[in-house]
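*Asks:* below is the sequence, then the predicted model.
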Amino acid sequence: MMLRIRSRDGLERVSVDNPHITVAQLKSLIQSQLQIPVHNQTISANQNLLLAKTHEDLLRFTDMSNPDTPISALNLSHGSIVFLSYEGERRVAGPAFSPAGSFGRKMTMDDLIAKQMRVSRQENPHCELVSFDRDCANAFQHYVNETLAFAVKRGGFMYGAVSEVGKVEVNFIYEPPQQGSEDDLLLFRDPDEEKLVEAIAVGLGMRKVGFIFTQTVSQDKKDYTLSNREVLQAAELHAESGLKEWVTAVVKLEVNENAGADVHFEAFQMSDTCIKLFKEGWFETEIGNDDDPKLSKMKKDVVVGVKDTKEVDNDFFLVVVKIFDHQGPLSSTFPIENRNTQVTMKALKNHLERTKNLPFVKRIADFHLLLVLARVLDVAADVPALAECVQTQCAVPEGYQILIESMANTA
């Protein structure tokens with residue numbers, strides 16, 4: 001996971017392989033990645049640490065003073081901010097400085113324009129279109145419509161394939177542990193579970209291709225396409241992916257001509273400028289309750305049109321992507337992970353009984369079922385082998401059939 005470290009030098013990042021490391025191990029990572037000696041560090045989850053003036057002030061921040069405390073016990077997870085105060089000086093990587101004016105090279109108008117960060121609309125996405133498997137899209141929207149009633153936000157990662165011409169095909173949606181509210185969506189990402197998901201995807205010949213989330217009924221009354229919080233989250237996940245065809249999809253209710261409500265899908269890419277701004281730390285990541293949700297705040301001025309501003313309309317960051325649908329290779333009838341009801345082996349037994357007239361490979365051709373099996377089987381050997389059977393539609397070896405049926409019969 002990634003933790004954000006805010007010090008007097010600004011916002012920096014530290015990569016953490018294990019979410020259960022101790023405070024002492026976190027300090028060692030800060031030393032190795034940010035070149036600040038452990039003995040010089042004072043860290044805290046309290047932002048007031050940065051206002052401390054004296055050594056006595058620093059001693060008041062004790063929440064991370066015990067070196068043996070696991071960071072998970074401090075509610076630190078992927079994307080959390082840790083505040084850092086340190087003694088001494090350090091060199092922070094930054095732009096190279098070259099003299100200008102009468103003391104060096106003269107600045108031309110082209111040089112000045114090149115130094116400005118200009119924000120304009122991007123006309124064309126990097127992906128030609130996105131096509132959703134009908135069953136997986138329906139399973140996602142049905143839950144948020146029928147069970148959650150679009151009252152709280154829900155999200156998931158889309159998996160599928162990208163063609164040579166940039167067509168993105170979505171064949172299953174993985175829903176990580178999460179907590180949604182009317183305006184916010186917190187993803188409690190589980191690295192161990194995501195390793196299982198990736199192993200299944202590799203066996204199926206697929207990869208992570210995008211992020212899908214819902215907007216709530218209360219958001220329907222707001223005057224924006226994506227809120228500033230949604231732009232930040234979408235930009236972070238897009239930047240993390242490293243995939244230029246990455247798609248962000250939004251599901252919401254829209255009033256139809258008969259005053260009823262229809263479920264509506266929209267798809268976007270975050271613009272190249274948006275991702276560049278996010279990676280370079282231009283976005284203000286602290287959003288207040290009084291901030292206008294349709295505007296993203298910048299830490300310094302950008303140029304929009306002919307105006308210098310620190311507030312950018314979110315629509316400038318969105319590139320519309322065409323939506324199609326298809327019938328993919330997987331079913332989506334098995335109960336889905338990390339929802340209100342825990343998925344047990346009884347669900348596996350019921351599923352196998354319900355599909356007993358199908359060939360065995362068809363009976364297990366469901367990502368959410370494979371994820372249940374992956375929790376028990378060898379992730380390095382068994383999981384890719386089973387997923388490959390599903391991908392190629394070849395017969396499942398008898399040993400695996402017996403094992404899976406015996407697992408179901410333990411319910």
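*Replies:* Ah, there it is.
*Asks:* okay, now the unreliable bits of this structure?
*Replies:* 92-115, 411 (pLDDT under 70).
*Asks:* what's the nearest residue to the spatially most central residue of it if we skip its chain neighbours?
*Replies:* The chain has Leu237 as the residue nearest its centroid, 3.8 Å off, counting by CA atoms, centre = their mean. Once flanking residues are discounted, Leu237 sits nearest to Phe211: 4.7 Å by CB to CB, 6 or more residues apart in numbering. Using the backbone N, CA and C atoms, a C-beta is placed for each residue, glycine as well.
*Asks:* CA atoms only: put the strand or helix carrying that neighbour into PDB for me.
*Replies:* Per DSSP states H and E: Phe211 is located in strand 207-214. Included here for strand 207-214 are C-alpha records, laid out as PDB according to Å, rounded to 0.1, in the frame of the first residue of the first chain:
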ATOM      1  CA  ARG A 207      -6.300  -7.700 -16.400                       C
ATOM      2  CA  LYS A 208      -7.500  -4.800 -14.400                       C
ATOM      3  CA  VAL A 209      -8.900  -2.300 -16.800                       C
ATOM      4  CA  GLY A 210     -10.900   0.300 -14.800                       C
ATOM      5  CA  PHE A 211     -12.900   1.500 -11.800                       C
ATOM      6  CA  ILE A 212     -16.700   1.600 -11.500                       C
ATOM      7  CA  PHE A 213     -18.700   3.400  -8.800                       C
ATOM      8  CA  THR A 214     -22.200   4.600  -8.100                       C
END
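*Asks:* quick one: list the elements packing against that strand.
*Replies:* strand 155-162, strand 167-174, helix 191-203, helix 228-241, strand 247-255 (3 or more CB pairs under 8 Å, 6 or more residues apart in numbering; DSSP states H and E).
*Asks:* what about Val263, how many residues close to it?
*Replies:* Val263 has 17 neighbouring residues, counting by other CB atoms under 10 Å.
*Asks:* give me every residue that touches the residue nearest to Leu237.
*Replies:* Gly155, Gly156, Phe157, Met158, Gln233, Ala234, Leu237, His238, Trp246, Val247, Thr248, Ala249 (CB atoms under 8 Å, 6 or more residues apart in numbering).
*Asks:* change it to 7 Å
*Replies:* When contacts are counted by CB atoms under 7 Å, 6 or more residues apart in numbering, Phe211 touches Gly155, Phe157, Met158, Ala234, Leu237, Thr248.
*Asks:* which one of those sits closest to Val38?
*Replies:* Leu237 (31.9 Å; CB to CB).
*Asks:* any idea how far that closest one lies from Val361?
*Replies:* 33 Å (CB to CB, to the nearest Å).
*Asks:* what's the burial count for Cys394?
*Replies:* Quick note: Cys394 (other CB under 10 Å) scores 10 neighbours.
*Asks:* just checking, it is part of a strand?
*Replies:* No: counting by DSSP: H, G, I helix; E, B strand; the rest coil, Cys394 is not part of a strand but coil.
*Asks:* distance check, the closest residue to it other than its chain neighbours against Leu386.
*Replies:* The shortest distance from Cys394 to any non-neighbouring residue, by CB to CB, 6+ apart, is to Val361 (6.9 Å). Look at Val361 and Leu386: by CB to CB, they are 9 Å apart.
*Asks:* neighbour count winner among those two?
*Replies:* Ranked by neighbour count (other CB under 10 Å), Val361 and Leu386 place Leu386 first, with 25 against 17.
*Asks:* got the contact list for that one?
*Replies:* Gly203, Ile364, Leu370, Leu373, Val396, Tyr400.
*Asks:* ok, Phe268 next?
*Replies:* Thr248, Leu318, Val319, Val320, Val321.
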